[in-house]
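[1] Here is a sequence together with a model predicted from it:
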2 protein chains.
Amino acid sequence: MYRLLDRMRVVEASSFVASPTCGMYLAQMGAEVIRFDQIGGGPDFRRWPRAKNGASLYWESLNKGKKSIAINLASAEGRALAITLITAPGPTGGLFVTNYPVEGFLSHERLSALRPDLVTLRIMGRADGGPALDHTVNCAVGFPQITGPSGLGDAVVNHVLPAWDLLTGAYSAFAFLAAERHRRDTGAGQEVRVPLADMAIASVANLGMLAEVLDSDANRPRLGNQIFGAFGRDFTTTDGHRLMLMALTVRQWQGLVEALGIAQGVAQIEAGQGVSFARDEGIRFEHRDKLVPLVEEAVAKRTLADLACAFEPLGVCWSPYQSMREAADDPDLVRANPIFTEVEQPSGARYPIPGAPATIPKAERLPPARAPRLGEHTDEILANVLGLSSGEVGKLHDSGIVAAG
Amino acid sequence: MYRLLDRMRVVEASSFVASPTCGMYLAQMGAEVIRFDQIGGGPDFRRWPRAKNGASLYWESLNKGKKSIAINLASAEGRALAITLITAPGPTGGLFVTNYPVEGFLSHERLSALRPDLVTLRIMGRADGGPALDHTVNCAVGFPQITGPSGLGDAVVNHVLPAWDLLTGAYSAFAFLAAERHRRDTGAGQEVRVPLADMAIASVANLGMLAEVLDSDANRPRLGNQIFGAFGRDFTTTDGHRLMLMALTVRQWQGLVEALGIAQGVAQIEAGQGVSFARDEGIRFEHRDKLVPLVEEAVAKRTLADLACAFEPLGVCWSPYQSMREAADDPDLVRANPIFTEVEQPSGARYPIPGAPATIPKAERLPPARAPRLGEHTDEILANVLGLSSGEVGKLHDSGIVAAG
């Protein structure tokens, strides 16, 4: 955790992936992020993966470093309380992150009537308010038809990573800060909406893939683990390990050729084909039917350990394939990575949790904070943010409008 | 394009995906983003996909809305000019986005000696400076082993979407604004580094998947297109269309059951298994061997058009699978989507390009700007940002230090 976002209090009403990650990124950079939830938990509070005791590892992983207040949102008083929290006065507040529907009791129009400088960042499925989730958006933009080995024919292969959710969450954190900056300059609040579907199709376009299918009037073929337009794919070592080996830059290509001792073979292909692989990754891609067998043979002669020693000093871009269970014990990725600290989470499980995935050499890295228990900060928030007396807080508890965790 | 980031001038020295998207997101929100490149283009200037005339559709898609100055970075004078540009005085400047190596002529230490309030956002492969790219990072964290149909056994399936690049780019835009906000408050600049590898493993953890593999001491099985922990997978209609059908929320589940007319079948499974599918997506996942055939049969009886009519009014979360070529003509996604405008790009090709993938209801959406030609703004930048006279600019041209495009 870092302290870049001082004096910023964000209220979050969120479920699933995109909106909670947006709030979490803000919290990990120093904002005070207050999540309000239905007493007993919202629609994602018990979401899989779960710990053996049934607690959601998912929820607690997506809500690290936030404060939690539990409110009965089914009651008019509870909804009014949530609105009061979002629109509470003070220069650090009036900031709201949500994936609640665009119309309804948390519409920006209603909220900004109470606090005109409110900044609302709303994550949506589709811009028209219709439902869309990561996997439906992904199948609409065409990735499942070009993912996986060519032998799959016209099968569709969904990704497992909810990439569009994560991307939408990170982009939303950016768009939120842009709107907050604008408020600092002008005093004006506003609503910024980030729909998953627009994030996905804009990304297809940003990668040049929309232009590609229009220009060629065809879909990219399924290439398996071969990278499009460059040298890169999976190879297998003599001791049966798989690795990903790539070369985009001049240095990466030279390193690969030298480490594998294939300079002569490469020169023969270059001479035979009348091309140079030195600078242009596209030419390496075009001649992959010649280059891949050469690299395949060279990798297949050597052990993973031997190759690792040869690759590192030459700046070769590669990695062994490892399972997620293996990654969890990888010293570089997790065990000795300073972004991780082992912490006991609300589930009772103790495991490494990351703070901000950034490194600020000149700032102090504070340890990452665990997720709250549901309603853990109910009383603190009612007193400190809303200025309620202990008697008023007690009444809210007695009438079931709030709960503590 | 929106005008949230007024009075912000960012210099970018970038290649490939993450760093250029970071700069592009800033430009699409109103920042002036100046890219400097080697005369003739950097390592990604000719990257695939390319138009028929050889121009990179990739480069022009990732650099929309920026200004371009072309400098001979192989010369000491050219490198000095780049440094002068990054550290030029003025309250709107001193902002730098790059994926250049952490050491070297664009190190933050060197640059900040000339302008102490400089904010540098540096995208890296690994935090230790070692090489890593989207695909090597992805295979290190374990997704390829759990992607694709279960019949693939222990094969590895890379994703085609460079998800970690895109996520790192968006997160970097966020972290950059956080650091710029901190500078506004304190006057202090700093370097923020965002390594791809840390972004990836932190995301695995944020999704609860790191806790899952540690808690279960096992990898998640390969589930094909079945979503883990919820009801959702691909189905085929009677007219041979494939669609993705999901239900996370209560409303989505009720809509799906009603639209498919399977309430009775669902009730029978619930009675037989002694469970309720009404609220808990995890229970729907646990009993998918019973639920999937029921849905499969109902979908297989009807056409895509018929199902679309049934799904929409009930808020069912679904999408047909479409190819990327089909997506490019989809009215909702592209043709009638207000984030897109058809524009002629530097390649000479004319195609729809997106602006910011956000919607700000109360702000004017300006049309998205095309990418620059390489060096298109060389003279303008030398004059306006660096204050050089036309004679000085001419000398730089004569000595081959800069070029115009």
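    The structure has been received and is ready for your questions. Given the structure is predicted, the values throughout are model-derived calculations rather than measurements.

[2] Not counting sequence-adjacent ones, nearest residue to A:V299?
    Using Cβ to Cβ, 6 or more residues apart in numbering or on different chains and skipping the chain neighbours, the partner closest in space to A:V299 is A:F235 (4.1 Å). Just so you know, the C-beta spots here come from the backbone N, C-alpha and C atoms, and that holds for glycine as well.

[3] show me the contacts for that neighbour.
    A:242-243, A:245, A:295-296, A:299-300 (Cβ atoms under 8 Å, 6 or more residues apart in numbering or on different chains).

[4] is it fair to say it lies in a strand?
    Yes. Under DSSP: H, G, I helix; E, B strand; the rest coil, A:F235 sits within a strand.

[5] re earlier: how about TSV for the contacts of A:F235, with secondary structure and neighbour count added?
    Converted to TSV, the contacts of A:F235 look like this (DSSP: H, G, I helix; E, B strand; the rest coil; neighbours: other Cβ atoms under 10 Å in any protein chain shown):
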residue	secondary structure	neighbour count
A:R242	strand	20
A:L243	strand	21
A:L245	strand	24
A:V295	helix	21
A:E296	helix	15
A:V299	helix	22
A:A300	helix	11
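
[6] any chance of those in CSV, plus pLDDT and distance to B:S14?
    Shown next, in CSV, are the contacts of A:F235 (pLDDT from 0 to 100; distance: Cβ to Cβ, whole Å):
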residue, pLDDT, distance to B:S14
A:R242, 98, 31
A:L243, 98, 28
A:L245, 98, 24
A:V295, 98, 29
A:E296, 98, 33
A:V299, 98, 31
A:A300, 98, 36
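
[7] and A:S15, what is it in contact with?
    Contacts of A:S15 (Cβ under 8 Å, 6+ apart): A:42-44, A:99.

[8] In the stretch 101-250 of chain A, which residue sits nearest chain B?
    Residue nearest to chain B within the stretch 101-250 of chain A: A:G229 (2.6 Å; Cβ to the nearest Cβ).

[9] now do the stretch 301-405 of chain A
    For the stretch 301-405 of chain A, the residue closest to chain B is A:M324, as judged by Cβ to the nearest Cβ, at 3.1 Å.

[10] For the contacts of A:S15, which single residue is the most surrounded?
    Taking other Cβ atoms under 10 Å in any protein chain shown as the neighbour criterion, A:N99 ranks highest of the contacts of A:S15 with 24 neighbours.

[11] correct me, but that residue touches A:T120?
    No. The pair A:N99 / A:T120 is not scored as a contact, 11.3 Å apart, by Cβ atoms under 8 Å.

[12] tell me which element the residue nearest the centre of chain A is part of?
    With distances taken as Cα atoms, centre = their mean, A:L166 lies nearest the centre of chain A, 3.1 Å away. Element membership for A:L166 (DSSP states H and E) is helix A:163-186.

[13] need the helices for the stretch 51-200 of chain A, in chain order.
    Ranges of helices within the stretch 51-200 of chain A are A:57-62, A:76-86, A:108-114, A:134-141, A:163-186, A:196-206, based on DSSP state H, counting those that start in this stretch.

[14] closest one to A:V402 among those?
    Nearest to A:V402 among these is helix A:76-86; the distance by Cβ to Cβ comes to 7.2 Å.

[15] from the chain's centre, how far out does that closest one sit?
    Distance of helix A:76-86 from the chain centroid (Cα atoms, centre = their mean, to the nearest Å) equals 30 Å.

[16] ok, now stretch A:66-74?
    Relative to its chain's centre, stretch A:66-74 lies at 24 Å (Cα atoms, centre = their mean).

[17] What of stretch A:212-230?
    Using Cα atoms, centre = their mean, the distance between the centre of stretch A:212-230 and that of its chain works out at 25 Å.

[18] quick one: buried residues of it?
    Neighbour counts using 16 or more other Cβ atoms under 10 Å in any protein chain shown place A:212-215, A:219-220, A:222-230 of stretch A:212-230 among the buried residues.
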